[in-house]
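Student: Fold the following.
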Amino acid sequence: MSLGRIILAPYFPFQRGTGPPLTHLFFANDVLLFCKATKDQARVVDSTLALFGAASDLKVKLQKSKMICSRGVNVDLRGRIENIVGYSCSNSLGKYLGQHLIEGHAIDNDFNHIVHKV
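Tutor: Residues are numbered from 1 along each chain as shown. Here you go, the predicted model:
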């Protein structure tokens with residue numbers, strides 16, 4: 001993708017209820033990006049990652065990349081977003097630094113593995 005062709009549209013962060021808007025989390029060399037599930041926002045994420053890669057000379061490993069869509073996003077839209085960003089939708093982000101990443105509301109059972117280690 002040519003940098004001259006990258007167009008960054010407004011970025012709409014994820015927000016649940018009255019909570020704060022969330023756009024990203026950085027940790028070491030990992031990034032979590034949050035946005036609304038639209039084709040335009042998928043293009044913004046794709047362009048942002050392309051711009052970052054060109055500026056830093058780093059590449060996004062698509063085989064390690066995942067996205068999670070909320071339950072309200074229909075299958076057809078998920079497929080269109082997957083085609084734009086180049087990686088697939090997953091039901092879980094899996095583990096990060098040995099800990100399971102929690103989707104949705106956390107419940108007591110989600111933390112039992114930590115309590116048992118203490």
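
Student: quick one: Ser65 and Tyr87 touch, right?
Tutor: Yes: contact criterion Cβ atoms under 8 Å: Ser65 and Tyr87 qualify, at 4.2 Å. C-betas here are computed from N, CA, C, even on glycine.

Student: Let me know how buried Ala28 is, in neighbour terms.
Tutor: 6 (other Cβ atoms under 10 Å).

Student: swap in Tyr11?
Tutor: 16.

Student: just checking, it is part of a strand?
Tutor: No: checked against DSSP: H, G, I helix; E, B strand; the rest coil, Tyr11 lies outside a strand; its state is coil.

Student: What count of nearby residues applies to the residue nearest to it when sequence neighbours are not counted?
Tutor: Leaving aside its sequence neighbours, Tyr11 sits nearest to Val44 (Cβ to Cβ, 6 or more residues apart in numbering; 5.4 Å). Other residues near Val44 come to 22 when the count uses other Cβ under 10 Å.

Student: Can you give the distance of the helix or strand containing Val44 from its chain's centre?
Tutor: Per DSSP states H and E: Val44 is located in helix 39-56. Computed by Cα atoms, centre = their mean, to the nearest Å, the chain-centroid distance of helix 39-56 equals 12 Å.

Student: In space, what's closest to Gln41 - neighbours in sequence excluded?
Tutor: Residue nearest to Gln41 in three dimensions, not counting chain neighbours: Cys35, with 4.3 Å by Cβ to Cβ, 6+ apart.

Student: on that earlier part again, mind listing what's buried in the next helix or strand after the helix holding Val44?
Tutor: Heading C-terminal from helix 39-56, the first helix or strand you meet, by DSSP H and E, is helix 75-85. Neighbour-count burial for helix 75-85 flags 81, 85 (criterion: 16 or more other Cβ atoms under 10 Å).
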